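Asks: Provided below are the primary sequence and the corresponding predicted coordinates.
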Amino acid sequence: NAGVTQTPKFQVLKTGQSMTLQCAQDMNHEYMSWYRQDPGMGLRLIHYSVGAGITDQGEVPNGYNVSRSTTEDFPLRLLSAAPSQTSVYFCASSYSTDFYGYTFGSGTRLTVV
Amino acid sequence: KQEVTQIPAALSVPEGENLVLNCSFTDSAIYNLQWFRQDPGKGLTSLLLIQSSQREQTSGRLNASLDKSSGRSTLYIAASQPGDSATYLCGAGGGNKLTFGTGTQLKVEL
C-alpha cells in the first residue's frame, strides 16, 4: 500500500516553461487536493477534487490547472512557470473530508529561475 | 474565512520535559482538527485526528484536545525525546479543505 505518491521530488524550471506535477493514491480516496507550502505562510490550498470529473478552486488557484479523469490520479499543471511559483507542493487525499483525516504525499520541491 | 494560529512559533526544551503546543482557530464550524508532524525537507505525517464531536484523542505519548467553543486545540507531548524534534502543524478541517497554522518548531535537547 503506497499511500500518496508524488513525482518528481525535485524540479528546476525556467520562467515560462510548463510542467505537470503528478499525484497518485491507491487508497480509493474520493477527495484529492494540492497545497503549496511557503516559508512563513503555512500550507495553502490550490485546487481540490471531490471525485473523478469534479474539480474546484482553492485559495491560490491562479497559474495552475488540474483535472481528475480517474479516482487514483490528480495531476497539477503549471502552464507558464513564474518565480512566484517556487515552492514545495503537497498532494493530499481523504476518504471523506468530514469524518476522515488527510494523507499527504512526500512533496515536490519546485524552483523556477 | 478560517484563520489558524499556532503558538509558540518555536520551542526548545530539555529531554524528558512534558510540553503543550497550542492551536487556535477563528471559525468554530469545523468538522475535525488534525495534528501533523513535519521533519525538515519531508512531508506531513498525521499524528492525531479529532472529530468535531470529540474532546480528545490519544496515541502513545501524545494527547490532543479540542474545545470548539473557545476555538482551541492543544497537543500534549509527554516525556519528550530528541526524536520528537520537528515542526508540528495543526489543520482545521471544513469546507473540503484543511486550513493550517504556520507551525511550532520543536527542538528537544539532550
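Replies: Thanks, I have the structure now.

Asks: which bits of chain B sit near chain A?
Replies: B:4, B:31-32, B:34, B:36, B:41-46, B:49, B:51, B:89, B:91, B:93, B:96-98, B:100-103 (Cβ under 8 Å from any Cβ of the partner chain). For glycine as for every other residue, the C-beta is placed from the backbone atoms N, C-alpha and C.

Asks: buried only: go through those residues for me.
Replies: Buried members of those, scored by 16 or more other Cβ atoms under 10 Å in any protein chain shown, are B:4, B:31-32, B:34, B:36, B:43-44, B:49, B:51, B:89, B:91, B:93, B:96-98, B:100-103.

Asks: can you show me the strands along chain A?
Replies: With DSSP state E as the definition, chain A shows strands at residue ranges A:4-7, A:10-13, A:19-25, A:31-38, A:42-51, A:54-57, A:64-66, A:76-78, A:87-94, A:103-104, A:108-112.

Asks: repeat for chain B
Replies: Applying DSSP E to chain B gives strands spanning B:4-7, B:10-14, B:19-25, B:32-38, B:44-51, B:56-59, B:62-67, B:72-77, B:86-94, B:97-100, B:104-109.

Asks: who's in contact with the spatially most central residue of chain A?
Replies: In chain A, the C-alpha nearest the mean C-alpha coordinate belongs to A:W34, at 2.9 Å (Cα atoms, centre = their mean). For A:W34, the contact set (Cβ atoms under 8 Å, 6 or more residues apart in numbering or on different chains) comprises A:21, A:23, A:45-48, A:58, A:64, A:66, A:74, A:76, A:89-92.

Asks: so it bridges to which residues?
Replies: In this entry, A:W34 is beta-bridged to A:H47, A:C91, by DSSP bridges.

Asks: surely B:K107 touches B:D84?
Replies: No. Contact criterion Cβ atoms under 8 Å: B:K107 and B:D84 do not qualify, at 9.1 Å.

Asks: more neighbours, the two?
Replies: B:D84 (18 against 13; other Cβ atoms under 10 Å in any protein chain shown).

Asks: which residues are in contact with the more buried one?
Replies: B:D84 sits next to B:77, B:106, B:108 when contact means Cβ under 8 Å, 6+ apart.

Asks: got the phi and psi for the nearest residue to A:L79 once chain neighbours are set aside?
Replies: Using Cβ to Cβ, 6 or more residues apart in numbering or on different chains and skipping residues adjacent in sequence, the residue nearest A:L79 is A:S18, 5.3 Å away. According to degrees, to the nearest 10, the main-chain angles of A:S18 amount to phi -120, psi 160.

Asks: would you mind measuring from A:S18 to chain B?
Replies: 25 Å (Cβ to the nearest Cβ, to the nearest Å).

Asks: count of residues packed around that residue?
Replies: 11.

Asks: gap between it and A:T7?
Replies: 16 Å (Cβ to Cβ, to the nearest Å).
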